[in-house]
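**Q** Build me a structure from this.
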Amino acid sequence: MQARLTRWGLGADSSAGTPLSHTPTGVLIGLTAELAGEGFGAVGLLALLKHPLTTLGLEPDDLAAGREALELYGLRGPHPTDFAAVRRRLDVSEKGEPERPPSSRDLERIPLGRDLLARLEGILTPLIAGAETPRGVEVSARLLTVTLEALAGGPDQAWRGAEGEAAARLLAALIEDGAASARMDGKVFADLLSRLMDQEVVRTGGDVHPRLRILGAIEA
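**A** Numbering: from 1, shown residues only. Below is the predicted model of the structure:
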């Protein structure tokens, strides 16, 4: 419910507060960190694309069309191992086979998937590359911050509302103080981030709709 409301620029006050990890912003952070920790994966990529806060700066209809084409022509079937493998699948689908040439609709849609893939590759590669090698917490936090802002369509969209402010504070603290921590690979960093977000409780404050409030079972 909160994710859908956030997509339309609405916030609802919650009487009990919510762990940052359970908010739309926290979920996006977790998905992105997990993708970096596990390396390229079709399931993780689709989860990012289908998250309501992921816009990539595109209009909703354009994003939906590109996502559908990418899933249909590039990500279905055996899991591709990297962005290059997805591009090859798109190329094969575009060329077709002698007994099954691509339809005119295929030829219209495949370029949409290819364009979206290129955009995603540019955004995600700096974060994913080398994530299996231990690196400073501040480095991982900075790369994650840049990636999240690009996925959300800009800083204003990434850090909006109480949950966005809480997430920004957490990542800023990791960037500032992370150099004093042990170096860690992407998987360990994703686990650390998950535990920190579980401990951070977000209470929606001033940036809420005056007529929207999420109540507990007893209050309701």
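**Q** what about this structure, any weak spots by pLDDT?
**A** 1-16, 204-220 (pLDDT under 70).
**Q** Give the buried residues for the longest helix along the chain.
**A** In the chain, taking DSSP state H as the definition, the longest helix is helix 104-128. Using 16 or more other C-beta atoms under 10 Å as the burial criterion, the residues of helix 104-128 that qualify are 109-110, 112-117, 119-121, 123-124, 127-128. C-beta: built from backbone N, CA, C; applies to glycine.
**Q** number of nearby residues for residue 170?
**A** Residue 170 has 19 neighbouring residues, counting by other C-beta atoms under 10 Å.
**Q** how far away is it from residue 118?
**A** 31 Å (C-beta to C-beta, to the nearest Å).
**Q** swap in residue 44?
**A** From residue 44 to residue 118 the distance is 18 Å (C-beta to C-beta).
**Q** do residue 55 as well
**A** 16 Å.
**Q** Helices of this structure, residue ranges please.
**A** 2-7, 24-38, 42-50, 60-70, 83-95, 104-128, 137-152, 155-158, 161-177, 186-199.
**Q** Quick check: which of those is nearest to residue 17?
**A** Nearest to residue 17 among those is helix 161-177 (9.5 Å), distances taken as C-beta to C-beta.
**Q** what comes into contact with the closest one?
**A** 6, 11, 18, 20, 23-26, 29, 137-138, 140-142, 144-145, 158-159, 193, 196-197, 200, 202-205, 207 (C-beta atoms under 8 Å, 6 or more residues apart in numbering).
**Q** what's the most distant pair in the buried residues of helix 104-128?
**A** Using C-beta to C-beta, the buried residues of helix 104-128 span at most 27.8 Å, a distance reached by 109 and 127.
**Q** Was I right to think residue 20 contacts residue 201?
**A** Yes - with contact defined as C-beta atoms under 8 Å, residue 20 counts as touching residue 201 (7.4 Å).
**Q** which of those two has more neighbours?
**A** More crowded of residue 20 and residue 201, by other C-beta under 10 Å: residue 20, with 26 against 13.
**Q** got the contact list for the more buried one?
**A** For residue 20, the contacting residues are 26, 163, 166, 167, 170, 197, 198, 200, 201, 202, taking C-beta under 8 Å, 6+ apart as the criterion.
**Q** Can you give me the neighbour number for the nearest residue to residue 74 once chain neighbours are set aside?
**A** Nearest residue to residue 74, sequence neighbours excluded (C-beta to C-beta, 6 or more residues apart in numbering): residue 86, at 4.3 Å. By the criterion of other C-beta under 10 Å, residue 86 has 23 neighbours.
**Q** related to what we said a few turns ago, single out the most deeply packed of the helices of the chain.
**A** Among the helices of the chain, helix 24-38 has the highest mean neighbour count (mean count of other C-beta atoms under 10 Å), at a mean of 23.
**Q** Just the C-alphas of that one, formatted as PDB.
**A** What follows is helix 24-38, C-alpha atoms only, in PDB (Å, rounded to 0.1, in the frame of the first residue of the first chain):
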ATOM      1  CA  PRO A  24       9.300   1.100  -0.500                       C
ATOM      2  CA  THR A  25      12.600   3.000  -0.400                       C
ATOM      3  CA  GLY A  26      14.200   0.300   1.900                       C
ATOM      4  CA  VAL A  27      13.000  -2.500  -0.400                       C
ATOM      5  CA  LEU A  28      14.500  -0.800  -3.400                       C
ATOM      6  CA  ILE A  29      17.800  -0.400  -1.500                       C
ATOM      7  CA  GLY A  30      17.700  -4.100  -0.500                       C
ATOM      8  CA  LEU A  31      17.000  -5.300  -4.000                       C
ATOM      9  CA  THR A  32      19.800  -3.200  -5.400                       C
ATOM     10  CA  ALA A  33      22.400  -4.200  -2.800                       C
ATOM     11  CA  GLU A  34      21.400  -7.900  -3.300                       C
ATOM     12  CA  LEU A  35      21.800  -7.600  -7.000                       C
ATOM     13  CA  ALA A  36      25.300  -6.200  -6.500                       C
ATOM     14  CA  GLY A  37      26.200  -8.900  -4.000                       C
ATOM     15  CA  GLU A  38      24.900 -11.800  -6.100                       C
END
